[in-house]
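**Student:** Turn this into a structure:
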Amino acid sequence: MANVASAEKRNRQRLKRRERNLYHLTTMRTYVKKVRAAVEAKDGTKAAQALKAAVQIIDKAAQKGVIARKAASRKISRLTIAVARLAA
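**Tutor:** Take a look at the predicted model:
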């Protein structure tokens, strides 16, 4: 437990940030799962729509600093390739 006022404040900030980060992270994972499920079901139109939504969410997570910029780029690239293979 924090004994100093500044340490108590840092702890409050940490908890707020953790909650915010977890929101973005879990939302991103959910959207990625939707894309993967559509690809496995071989539903091209649904996969394309899910990909569009997932890209926005992944970019937002990277913008907020929840995941690294390059990690976001890698995720988007891999999902895009999976959907493109389905269309071909």
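**Student:** Tell me which residue is most central in this protein.
**Tutor:** Ranked by distance to the mean C-alpha position of the chain (C-alpha atoms, centre = their mean), the top residue is residue 28 at 2.6 Å.
**Student:** immediately after whichever strand or helix holds that one, which helix or strand?
**Tutor:** Taking DSSP states H and E as the criterion, residue 28 maps to helix 5-40. For helix 5-40, the succeeding helix or strand toward the C-terminus, using DSSP H and E, is helix 44-63.
**Student:** relative to helix 5-40, how tilted is the next helix or strand after that next one?
**Tutor:** Beyond helix 44-63 on the C-terminal side, the first helix or strand identified by DSSP H and E is helix 69-87. Calculated by axes from the mean of the first three to the mean of the last three C-alpha atoms, to 10 degrees, helix 69-87 forms an angle of 10 degrees with helix 5-40.
**Student:** List the contacts of helix 69-87.
**Tutor:** For helix 69-87, the surrounding residues in contact (C-beta atoms under 8 Å, 6 or more residues apart in numbering) are 32, 35-36, 39, 42, 44, 47-48, 51, 54-55, 58-59, 61-62, 67. All C-beta atoms are positioned from the backbone trio N, CA, C, and that covers glycine.
**Student:** Check these for the minimum pLDDT and say which it is.
**Tutor:** Within the set of the contacts of helix 69-87, pLDDT is lowest for residue 44 (92).
**Student:** Could you check how many residues crowd around that one?
**Tutor:** Other residues lying near residue 44 total 15 when counted by other C-beta atoms under 10 Å.
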